[in-house]
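Student: Take a look and give me a structure for this.
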Amino acid sequence: QVQLVERGGGLVQTGGSLRLSCAASGRTFSNYVMAWIRQAPGKEREFLAAVTWGGAGTLYADSVKGRFTISRDNAKNTVYLQMNNLKPEDTAVYYCGAGSSFVRTTTAYDYWGQGTQVTVSS
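Tutor: Here you go, the predicted structure:
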């Protein structure tokens, strides 16, 4: 089992920035691909970004490429999502996930945190 706890959500104005963090505990953090997804009210979960075990490789959804940056610190068992130039359509609950495959498929990730709300005002 891997336990994940997200932090860093909040209310921000359009064009602003937020940095989300996700702390992992349980099994060896570096054994997992880490990802961020989000879910807006009435919408399906949307893959945002993933990072490989060592942090050298990343994947992004087209909707956030160039604005969001995923990174990880294996010494701190933490994955981050730096979000810049935020838009109202970025409003959602953001979740971090852990899995064994480096893919954009949200169902490929086995463990999820409880989520953190991000609200972008216009």
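
Student: Can you tell me the centre-most residue of the chain?
Tutor: Centroid check for the chain by C-alpha atoms, centre = their mean gives W36 as the closest residue, at 2.3 Å.

Student: That one contacts T69, doesn't it?
Tutor: No - counting by C-beta atoms under 8 Å, W36 stays clear of T69, with 10.5 Å between them. C-beta coordinates here come from the backbone N, C-alpha and C atoms, glycine included.

Student: any common contacting residues for those two?
Tutor: Counting by C-beta atoms under 8 Å, 6 or more residues apart in numbering, the common neighbours of W36 and T69 are 49, 81.

Student: From S122, how far out is the residue nearest to the centre of the chain?
Tutor: Distance, W36 to S122, by C-beta to C-beta, to the nearest Å: 23 Å.

Student: before we move on, what about L11?
Tutor: Taking C-beta to C-beta, one finds L11 at 12 Å from S122.

Student: between these two, which one's more packed in?
Tutor: L11 (12 against 8; other C-beta atoms under 10 Å).

Student: Might one say that that one is in contact with T91?
Tutor: No - the criterion here is C-beta under 8 Å, and L11 misses it with T91 at 9.5 Å.
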